[in-house]
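Engineer: need a structure here:
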Amino acid sequence: MRALSVCAGVATAVVVHAAPAPVPAPTQLLLQAAEAARAADFQGVLLYRGDRVMEVLRVTHRYKDGHEDERIETLNGEPREMIRRDNQVVSILPRAGEYHSTFPREHHFTLGRPAVKGLLDRLSAQRLQMLVQWYAFHALGDARVAGRDCRGVSVVPKDRYRYGYRVWADAKTHVPLRVSLISDSDRLLEQAMFTEIEFPASIPDSMFRAQFDNSKFKAVAREVGPLPAPDQPVPAATPADFSFERLPPGFQVTLRDFRELPDGGRVQHILLSDGLSTVSVFAVPQSTEPTHGDFRGLSRIGAVEAYGRIVGNYHVTVIGEAPRVTVQMIGDQIRAGRLATPATAGTAP
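Structural biologist: Predicted structure coming up:
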């Protein structure tokens, strides 16, 4: 009898040990994916697909000694690469056909697209608590991506003013292997998906150096930072300030700054966000003669909606990976002058 009792105890222990680990809640899965995207070492081939655009990218990522390094290189089409250390980004672009426009270059350049990559850069436990006002989070179950088991999470907007996401993260490392941007009509707008990925024990420094000939390519450096939370104070108004009479529900001004133009001029930049989706407003003093960059009306490039109009003596361009109704509403409600900017719009029409 004693032997049987011991065997029963061992069998019970084996059963308990073999029980599958509980699946984290959807928001916890997203937080794990956000942390892994920042702190894991990996390299692989990423397929980016947008509206009439498909790019194959080689991605190398490392976190070492408190610094995040990343290098992205195109494997098809026009040769380009992007090298990032923390918030410092250098884009290596062909010298021929340099871009001259008030329409920001990053919205024509799919390396590190904000929608499919910036999503996870913006997530934190505090921000997720705020986002539940505007988004619902659901588990999608299991799937296979790049030959690895993944768990999925759906981020579903609660109204028509923002897009949704679907994220599939590696079940073992939590690195996001597929991220999709979904329209308000449940249509796929963008997708970034690893087709191959590996997790080396170490990645040498040489993998994060530019590989292209300096005589044929130019380096464009810029600094990118984490998205400010909507409840953070916005820097003081500038002399050429703008305000909004009304904003889509949940959107607030989170940043005001200036960006340099290729011709030496400056463009005022206003960033609006609901904590996840972002829309940028660029204001440039109106030229005495129209230029190719001063477009008016609505335009669309992939998942990016754009709206241009004249406000006072400025040409204003509103750009965002958000529904057209959101971009146009922000553009129609902008006013020149130093009026108070509303913290939130309340109920939109």
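
Engineer: Q268 should be in a strand, yeah?
Structural biologist: Yes - per DSSP: H, G, I helix; E, B strand; the rest coil, Q268 lies within a strand segment.

Engineer: Now do the contacts for the closest residue to it other than its chain neighbours.
Structural biologist: Of all residues not flanking Q268 in the chain, A283 sits nearest, at 4.4 Å (Cβ to Cβ, 6 or more residues apart in numbering). From N, CA and C alone the C-beta is placed, and that goes for glycine too. A283 makes contact with 240, 242, 267-268, 270, 311, 314-316, according to Cβ atoms under 8 Å, 6 or more residues apart in numbering.

Engineer: Which parts of the chain belong to which domain?
Structural biologist: 22-220, 228-336 (automatic domain parsing).

Engineer: Need the ones you listed in TSV (columns: mean pLDDT).
Structural biologist: Putting the domains of the chain into TSV (pLDDT from 0 to 100) gives the following:
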stretch	mean pLDDT
domain 22-220	85
domain 228-336	81
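
Engineer: show me what contacts the residue lying closest to F212 once chain neighbours are set aside?
Structural biologist: Once flanking residues are discounted, F212 sits nearest to I92: 5.3 Å by Cβ to Cβ, 6+ apart. Residues in contact with I92 (Cβ under 8 Å, 6+ apart) are 80-83, 210, 212, 217-220.

Engineer: Give me the distance from the host helix or strand of I92 to the chain's centre.
Structural biologist: I92 belongs to strand 88-94 when assigned by DSSP states H and E. Strand 88-94 has its C-alpha centroid displaced from the chain centroid by 18 Å (Cα atoms, centre = their mean, to the nearest Å).

Engineer: partners of that strand, with directions?
Structural biologist: Using DSSP bridges, the strands paired with strand 88-94 in its sheet are strand 81-85 (antiparallel), strand 217-223 (antiparallel).

Engineer: Mean neighbour count, those strands: which tops it?
Structural biologist: strand 81-85 (a mean of 19; mean count of other Cβ atoms under 10 Å).

Engineer: Only alpha carbons, please: show that strand as CSV.
Structural biologist: Written as CSV, here are the backbone C-alpha positions of strand 81-85 (Å, rounded to 0.1, in the frame of the first residue of the first chain):
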residue,chain,number,x,y,z
GLU,A,81,19.3,51.2,-45.0
MET,A,82,18.5,52.6,-41.6
ILE,A,83,20.8,52.4,-38.5
ARG,A,84,19.4,53.3,-35.1
ARG,A,85,21.0,53.6,-31.7
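
Engineer: Identify all contacting residues around it.
Structural biologist: So strand 81-85 is contacted by 67-74, 89-92, 111-112, 208-212, 224 (Cβ under 8 Å, 6+ apart).

Engineer: try stretch 59-68
Structural biologist: In contact with stretch 59-68 (Cβ under 8 Å, 6+ apart) are residues 38-46, 69-72, 84-86, 194, 203, 207-208.

Engineer: Now the buried members of the contacts of strand 81-85.
Structural biologist: 69-74, 89, 91-92, 111-112, 208, 212 (16 or more other Cβ atoms under 10 Å).

Engineer: if you look at these, which of them are in strands?
Structural biologist: Counted as lying in strands by DSSP state E, out of the buried ones among the contacts of strand 81-85, are 69-74, 89, 91-92.

Engineer: Is it possible to get JSON lines of those that adds distance to G50?
Structural biologist: Output for these, formatted as JSON lines (distance: Cβ to Cβ, whole Å):
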{"residue": "D69", "distance to G50": "26"}
{"residue": "E70", "distance to G50": "20"}
{"residue": "R71", "distance to G50": "21"}
{"residue": "I72", "distance to G50": "15"}
{"residue": "E73", "distance to G50": "18"}
{"residue": "T74", "distance to G50": "14"}
{"residue": "V89", "distance to G50": "20"}
{"residue": "S91", "distance to G50": "18"}
{"residue": "I92", "distance to G50": "21"}
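
Engineer: R296: which of the residues you listed is nearest?
Structural biologist: Nearest to R296 out of those is S91 (Cβ to Cβ; 28.4 Å).

Engineer: does that closest one have beta-bridge partners, and which?
Structural biologist: Note on S91: beta-bridge partners by DSSP bridges are M82, V220.

Engineer: same thing with V253?
Structural biologist: Going by DSSP bridges, V253 forms beta bridges with L272.

Engineer: That one contacts L271, correct?
Structural biologist: Yes - counting by Cβ atoms under 8 Å, V253 touches L271, with 7.3 Å between them.

Engineer: Looking at the two, which is more packed in?
Structural biologist: Neighbours per residue (other Cβ atoms under 10 Å) separate V253 from L271, with V253 holding more: 21 against 18.

Engineer: any idea how far the more buried one lies from Q333?
Structural biologist: Shown here: V253 relative to Q333, a distance of 12 Å by Cβ to Cβ, to the nearest Å.

Engineer: re earlier: for R122, see how far away the residue nearest to Q268 is.
Structural biologist: 24 Å.

Engineer: likewise L46?
Structural biologist: 20 Å.

Engineer: Neighbour count for the two, which is higher?
Structural biologist: Each of L46 and R122 has its neighbours counted (other Cβ under 10 Å); L46 has more, 22 against 19.
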